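>>> Quick one: sequence and predicted model below, then my questions.
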Protein chains: 2
Amino acid sequence: MFNQLKKSVNQLTPARMIAVYYFLAVFVSVLLLRAPIAVKPEVTLSFVDALFVAVSAVSVTGLTTVNISETFTVAGNFILMFVFQFGGIGIMALGTFFWLILGKKIGLRERRLILTDLNQMGLAGLVKMLKEILFLIILIELFGALLLGTHFLDYYPTWQEAYLNGLFASISATTNAGFDITGSSLAPFADDYFVQSINILLMTLGAIGFPVLMETKNYLAAKNKELFRFSLFTKITTVTFAALLIGGTLIILLLEANHYFAGMSWHKAFFYALFQSATTRSAGLSTTDVTNFTDPTILAMSGLVFIGASPSSVGGGIRTTTFAINILFLFHFGRGERTIKIFKREIPHEDIVKSLVVTILAILICFTATVILSMTEKHDLLKIIFEVSSAFGTNGLSMGITPELSTPGKFIIMILMFIGRVGLIQFLLAMGGKEKNQSIHYPKERVIIG
Amino acid sequence: MFNQLKKSVNQLTPARMIAVYYFLAVFVSVLLLRAPIAVKPEVTLSFVDALFVAVSAVSVTGLTTVNISETFTVAGNFILMFVFQFGGIGIMALGTFFWLILGKKIGLRERRLILTDLNQMGLAGLVKMLKEILFLIILIELFGALLLGTHFLDYYPTWQEAYLNGLFASISATTNAGFDITGSSLAPFADDYFVQSINILLMTLGAIGFPVLMETKNYLAAKNKELFRFSLFTKITTVTFAALLIGGTLIILLLEANHYFAGMSWHKAFFYALFQSATTRSAGLSTTDVTNFTDPTILAMSGLVFIGASPSSVGGGIRTTTFAINILFLFHFGRGERTIKIFKREIPHEDIVKSLVVTILAILICFTATVILSMTEKHDLLKIIFEVSSAFGTNGLSMGITPELSTPGKFIIMILMFIGRVGLIQFLLAMGGKEKNQSIHYPKERVIIG
Ligand SMILES: [K+]
Ligand SMILES: [K+]
């Protein structure tokens, strides 16, 4: 029977494997979260809310229709942590694995870089890679827990509480889950730049993509560093991360200069802007209630959240590489070029087309969701747009409307979290959209475009 | 000197020619609209407002920061009509001409269909085509004026007034200008289905694209109708027009069934939905104040307005063909195909990429405009989004915020009307984005997309 299962798993396309993993994880999570041990005795957790929290945790989004600390016991909190730990890492592992399989078929040698220890493509290779990812992530989490826990000795009465809170904060940041047990995210640390810096570092390490971590590890281990070359993916996504962090910080500083930041010290304003910019990648933690910001800031942040994190990471959205390729192609196209040349490499046309398609499909999906939610919910459009971006970017920031969502609204947000987390390309491929060879051809005829 | 001018004009790229024509037309319009004969003596028309009305009229948008009937004299109204007549037709002619030139270079034989009488590509060809377009449009306008004027005999005391109002209404609908001198658009005709039907017909003829009109004319004149083949462009844009009209009607009916249409007779509700759906292509006329609709309807209409009309027409937006190719490609891509097969033709890859690029660039531009306006204007986000779509789609519908725009806001809207009218592809090409041959090539390397 086990062999049969193994065979079926091997036969699944990677994209479908991700979907199956996702649904299995949600199913198990709902069972766990509705267990008597997880829910406080005086609370009734409806099936829809348990499902919502499960989808949110497996997709490491952090949106929730119920108050976590009021609903779940300490055991429930640990279950939740377990769910987003393995939800986040599992899909990241499968996503990376999937990309590697695709890479093998295409047979590009560059792929080998991140494949150093992972050149088995079967189930054994998957297990090995899962171990690698788990090892790296847990290492980062423990490192974060140590730093934060030691620092928290100033905040908590006992060392046990300090390190336990440090561990939870570190896992929540590294997996980009953004769930918090404080009830006000990192707002209590608005003046603690050390805690904020560590959190930015941890959520960036989780969201920048497994291949980047892997290549960096290989680079550090390499004997001859001059021969080592980082992949184009690593270069693009790292530069995009930096550009979005700096750009986002500047935009928030500029838009709030005469509003929320008026009369504030420069370093406090800077850290507010920096942290809120960093959190848009995928973490969803915050050092201030976003409703303090003005409309243009919220809108700009929606855009940043929609972009999301790297592929093969714990994040969601259209992904940094997709965004980067879109922007690069617009510039190249405007200059009359039909390829993208960057870092002395050309990006294959197929990848450019994929990026454009993913972006347009994502916008169509989010727009449709916004129209439906503006019908089912009685909230301002801005709040709805922010909620939709947050779900699609698996971010978890919210202007507070999640607990008030109608049941149809909850399902819309759940679908967005699923699509955002799995990634639209995987989603399309799971639907059967793998490139096929065409046998029938028609004469070509041009049409006027715009 | 004239020969030198002729030479310069011949050397201009068609895209730049359109931009030059646009700016010249705006310049002349501002002069005309600020002339003492045009403005009522008790009114002071600021330069910015004159510029706004001129840009709006040349781009046949119909948004206005001043009340037309309170600001302009009868002569002023005629000047305005003159401006949008030639603004609309001029850019349509240049746009078509541009496409033909492009077509000649590519050398596809299908292009010949609409070239029957227009195979001279120089300045003479342009003049000839301008004449053809003018002839067809004026024919349609006179036909509309006759029908509407005769019908208006029931509404107006004298036959002169009836036919004059019929003429203005016909021109406003056919050129999709959407300017009105009644002050409440076609709301007085909310129960007059004849007037509405004629208006829908006229605005569709103006917005469906000159090649469609030309081919239909050629088809009607053809001796052997079985040998005649409509171009792919005509087929796609006509089907898209029909699909958007029906789809838009159904969406508005559905979203307003329990709101604005509650308790209304089915035929009245149907005509409200039908007319407001038809007007989103580009006309901007309306039979009811759009603020009567609920948020989801306004949002959905913003989307329809953003799509806009056909290329080579009097409309704006990303254009029907761009939208159609996007949607078709999403479906084909999801099925694993990388071309679009439709009407037994294949759409060249270059056109698909163009459509995707135009759409993404348009969304980026409109998003940026929305963020800036949400900073400069003190209005609800929904009103701003609707205004931005309306300007980009050169539509002219508004939730009433145009007269209250700040000066920076006015300039943002003017830029959107310009870009929307000229069309993003032309805009990009005018910037120098014509496809160039590449001499330097780098090795290709794939990246993870999403
Ligand atoms: K998150
Ligand atoms: K219009």
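Perfect, I can see it now. Numbers count the residues shown, from 1 in each chain, chains lettered A, B, ... in the order given. Ligands and ions are numbered 1, 2, ... in the order given.
>>> lowest average confidence, helix or strand, in chain A?
Least confident helix or strand, chain A: helix A:112-115 with a mean of 41, by mean pLDDT, DSSP states H and E.
>>> for A:Thr44, helix, strand, or coil?
coil (DSSP: H, G, I helix; E, B strand; the rest coil).
>>> Now do it against B:Thr291, distance only.
Separation of A:Thr44 from B:Thr291 (Cβ to Cβ, to the nearest Å): 42 Å. Bear in mind the C-beta positions are built from the backbone N, C-alpha and C, glycine included.
>>> didn't A:Ser286 look like it was pressed against A:Ser398?
No: counting by Cβ atoms under 8 Å, A:Ser286 does not reach A:Ser398; the two are 9.7 Å apart.
>>> Quick check: neighbours shared by these two?
Contact criterion Cβ atoms under 8 Å, 6 or more residues apart in numbering or on different chains; residues shared by A:Ser286 and A:Ser398: none found.
>>> Helix, strand, or coil at the residue sitting nearest the centre point of chain A?
Centroid-nearest residue in chain A, with Cα atoms, centre = their mean: A:Gly315, separated by 1.0 Å. Of the three states, A:Gly315 takes coil under three-state DSSP.
>>> Retrieve the pLDDT associated with the closest residue to it other than its chain neighbours.
Spatial nearest neighbour of A:Gly315, excluding adjacent residues (Cβ to Cβ, 6 or more residues apart in numbering or on different chains): A:Ala309 at 2.3 Å. What the model reports for A:Ala309 is a pLDDT of 92.
>>> wait, what's in contact with A:Ala309?
A:Ala309 is in contact with A:Asn176, A:Ala207, A:Ile208, A:Gly209, A:Arg281, A:Ser282, A:Gly315, A:Gly316, A:Gly317, A:Arg319, A:Thr320, A:Gly393, counting by Cβ under 8 Å, 6+ apart.
>>> could you redo the residues you listed as a markdown table and give each row distance to B:Ala57?
As requested, the contacts of A:Ala309 are arranged in a markdown table below (distance: Cβ to Cβ, whole Å):
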| residue | distance to B:Ala57 |
| --- | --- |
| A:Asn176 | 51 |
| A:Ala207 | 49 |
| A:Ile208 | 51 |
| A:Gly209 | 51 |
| A:Arg281 | 45 |
| A:Ser282 | 47 |
| A:Gly315 | 48 |
| A:Gly316 | 45 |
| A:Gly317 | 41 |
| A:Arg319 | 43 |
| A:Thr320 | 43 |
| A:Gly393 | 41 |
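>>> any idea which of those is the one closest to B:Leu382?
In terms of Cβ to Cβ, no member of the contacts of A:Ala309 lies closer to B:Leu382 than A:Gly393, at 22.0 Å.
>>> I'd like to know which elements the strand or helix carrying A:Tyr163 is packed against.
Assigned by DSSP states H and E, A:Tyr163 belongs to helix A:159-174. Using 3 or more Cβ pairs under 8 Å, 6 or more residues apart in numbering or on different chains; DSSP states H and E, the elements in contact with helix A:159-174 are helix A:74-106, helix A:123-152, helix A:193-207.
>>> Now do it against helix A:193-207, angle only.
Helix A:159-174 runs at 50 degrees relative to helix A:193-207, counting by axes from the mean of the first three to the mean of the last three Cα atoms, to 10 degrees.
>>> buried ones in helix A:159-174?
A:162-174 (16 or more other Cβ atoms under 10 Å in any protein chain shown).
>>> could you give the angle of it to helix A:123-152?
Using the same axes, to 10 degrees: helix A:159-174 against helix A:123-152 is 130 degrees.
>>> what about the closest residue to A:Thr61 other than its chain neighbours, which SS state?
Counting by Cβ to Cβ, 6+ apart, A:Thr394 is the residue found nearest to A:Thr61 once chain neighbours are left out, at 4.3 Å. Secondary structure for A:Thr394, judged by three-state DSSP, is coil.
>>> which stretches of the stretch 51-200 of chain A have low pLDDT?
A:92, A:94-127, A:181-183 (pLDDT under 70).
>>> So what's the residue count around whichever residue of it sits closest to ligand 1?
Taking Cβ to the ion as the measure, the stretch 51-200 of chain A has A:Gly178 as its residue closest to ligand 1, at 3.7 Å. Counted with other Cβ atoms under 10 Å in any protein chain shown, residues neighbouring A:Gly178 total 27.
>>> my guess is it contacts A:Ala283, does it?
Yes: using Cβ under 8 Å, A:Gly178 is in contact with A:Ala283, at 5.1 Å.
>>> so what sits against both of the two?
Contacts common to A:Gly178 and A:Ala283, judged by Cβ under 8 Å, 6+ apart, are A:Asn395, A:Gly396.
>>> Show the pLDDT at the nearest residue to A:Ala283 once chain neighbours are set aside.
The spatially closest residue to A:Ala283, leaving aside those adjacent along the chain, is A:Met203, at 3.9 Å (Cβ to Cβ, 6+ apart). Per-residue pLDDT puts A:Met203 at 92.
>>> Contacts only, for A:Met203.
Here A:Met203 is in contact with A:Ala173, A:Thr174, A:Asn176, A:Ala278, A:Thr279, A:Arg281, A:Ser282, A:Ala283, A:Leu285 (Cβ under 8 Å, 6+ apart).
>>> run the last query once more with 10 Å
A:144, A:172-178, A:275, A:278-279, A:281-285, A:309, A:314-315 (Cβ atoms under 10 Å, 6 or more residues apart in numbering or on different chains).
>>> do you know how far it is from A:Thr174?
Distance from A:Met203 to A:Thr174, by Cβ to Cβ: 7 Å.
>>> Now list whatever residues contact both of those two.
With Cβ under 10 Å, 6+ apart as the test, A:Met203 and A:Thr174 both reach A:Gly144, A:Ala283, A:Val314.
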